[in-house]
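K.L.:
Need coordinates for the below:
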Amino acid sequence: MAKLKDIARYVRSKNAGPFWVTIDIFFKDKESYEMVKHSNIQEELVAELYGTRPELVKKFYCENINVIKFSWPRGRASGNADEYDMHFGQQYVFLANAEVEEAKT
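P.N.:
Residues are numbered from 1 along each chain as shown. Predicted coordinates for the structure are as follows:
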């Protein structure tokens, strides 16, 4: 099995305003995009990795640019006194290191 970071061109995380975060996964080609689209990289895995509930995770497919995006509400607003990563910029690592399991057909 390969890790997502080995398949994707790059993975980035960022805040999406003070109350939401997002992770974008960019692919170099349609083949790798489609493979991950139909893999275990889904809302349930993202929720598990980031300590949220699967029903709160939104998934978006940007097929024309081979991008998959996940967004979910922050546990606390950005800039909160106990904030550990105000811009969520370092949090992509957990998903980037996830093992990609292709869908069984």
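K.L.:
For the rest of this, base every contact and every neighbour count on C-alpha atoms.
P.N.:
Fine.
K.L.:
all strands of the chain, in order?
P.N.:
For the chain, the strands defined by DSSP state E cover 2-3, 10-15, 20-26, 58-62, 67-73, 99-100.
K.L.:
Switch those strands over to CSV; also include mean pLDDT and distance to Val36.
P.N.:
As requested, the strands of the chain are arranged in CSV below (pLDDT from 0 to 100; distance: least, C-alpha to C-alpha, whole Å):
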stretch, mean pLDDT, distance to Val36
strand 2-3, 96, 11
strand 10-15, 90, 13
strand 20-26, 95, 10
strand 58-62, 97, 11
strand 67-73, 96, 9
strand 99-100, 96, 7
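K.L.:
nearest to Tyr50, of these?
P.N.:
strand 67-73 (9.6 Å; C-alpha to C-alpha).
K.L.:
How about residues contacting the closest one?
P.N.:
19-27, 33, 37, 43, 46, 56-62 (C-alpha atoms under 8 Å, 6 or more residues apart in numbering).
K.L.:
out of those, which are buried?
P.N.:
20-27, 33, 37, 43, 46, 57 (16 or more other C-alpha atoms under 10 Å).
K.L.:
so who does Val21 touch?
P.N.:
Per C-alpha under 8 Å, 6+ apart, neighbours of Val21: 13-15, 71-74, 88.
K.L.:
Which one of those residues is nearest to Ala2?
P.N.:
Nearest member of those to Ala2, counting by C-alpha to C-alpha, is Ser13, at 20.3 Å.
K.L.:
What count of nearby residues applies to that closest one?
P.N.:
Number of residues near Ser13 (other C-alpha atoms under 10 Å) recorded here: 21.
K.L.:
Residue numbering should commence at 52 henceforth.
P.N.:
Okay, using 52 as the starting number, the last item reads as Ser64.
K.L.:
That one is in contact with Ile74, isn't it?
P.N.:
Yes - between Ser64 and Ile74 there is a contact under C-alpha atoms under 8 Å: 4.3 Å.
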